[in-house]
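Engineer: The following comprises the amino acid sequence and a computationally predicted model.
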Amino acid sequence: MARTPLYKAAETEMISRIAKGDWEVGRRLPNEFVLAEEFGVSQGTMRRALISLEQSGYLSRKPGRGTLVATQAPTEPAAASVTPILVDADGKALSLTPFRGRTETRAATPAEAKALGTDRVAVLERTLKHKGRRAALETTVVPEDLVAALNEDAPVPLDALLEHHNATAARLTAEAGAAVTDMAKSVALSVDRHCALLVVRTDAFAANGTMIARQILQIALEDARLAHQ
């Protein structure tokens, strides 16, 4: 398997931060020197990644203003009226099952507070298996006042996970992106470092349009893709 170029690895990590809301729209990013040090690459490699993201519409770079997260960063949202599912190359649903997990309640990050409208959240982090091998990492976050504590043995699909906790989603949306494993994720999934990941973010909404949950799956299966039913 060809190794992912360093600038592409930095690029996919930055896209992931934008997609998850860690880098919110309008945020001014540090200069190339600081970013290069943070991502462990050369200044030239970081400049190449930034130029690529600017061309793709994720970033805006203007003299005197620095580098900003673009107002309309491109996304690939799924239709709101359908349920997202994960399938393999043959179109068969992926069966992801809990392997190891942990739960906690904590203060919401700024991105979580903005998306979910709450100061405290319940969090579930799990390693998931597919056909006996570690295949994915999951992070699910819900407002603490909706679910006081998440069960690490709950079903993986977000709608089923919520129903397991006596909560119901009126609709789901999903979008897919790409990332690569860092050292910790490589160990957790037992794959090579810089292995490609399919990143699927699913958001659940109540009937009044309020977001009630966000789930992020990072899947290390080459033939996995996002579909809808």
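Structural biologist: In hand now; what should we look at?

Engineer: any chance you could map the helices in the chain?
Structural biologist: For the chain, helices defined by DSSP state H occupy the ranges 6-20, 32-39, 43-56, 110-116, 158-164, 183-189.

Engineer: Could you identify which of these is most buried?
Structural biologist: Among those, helix 6-20 has the highest mean neighbour count (mean count of other CB atoms under 10 Å), at a mean of 21. C-beta here means a position set from N, CA and C on the backbone, and glycine is covered the same way.

Engineer: right, and the helices of the chain - which one's nearest residue 196?
Structural biologist: Among those, the nearest to residue 196 by CB to CB is helix 6-20 (8.5 Å).

Engineer: Keeping just the C-alphas, turn that closest one into PDB.
Structural biologist: Only the C-alpha atoms of helix 6-20 are listed here, as PDB (Å, rounded to 0.1, in the frame of the first residue of the first chain):
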ATOM      1  CA  LEU A   6       2.600  14.100   4.300                       C
ATOM      2  CA  TYR A   7       0.800  17.100   2.900                       C
ATOM      3  CA  LYS A   8      -2.300  14.900   2.200                       C
ATOM      4  CA  ALA A   9      -2.200  13.600   5.800                       C
ATOM      5  CA  ALA A  10      -2.100  17.200   7.100                       C
ATOM      6  CA  GLU A  11      -4.900  18.200   4.700                       C
ATOM      7  CA  THR A  12      -7.200  15.400   5.700                       C
ATOM      8  CA  GLU A  13      -6.700  16.100   9.400                       C
ATOM      9  CA  MET A  14      -7.500  19.800   8.800                       C
ATOM     10  CA  ILE A  15     -10.700  18.900   6.800                       C
ATOM     11  CA  SER A  16     -11.700  16.600   9.700                       C
ATOM     12  CA  ARG A  17     -11.300  19.500  12.200                       C
ATOM     13  CA  ILE A  18     -13.400  21.700  10.000                       C
ATOM     14  CA  ALA A  19     -16.100  19.100   9.500                       C
ATOM     15  CA  LYS A  20     -16.400  18.300  13.200                       C
END
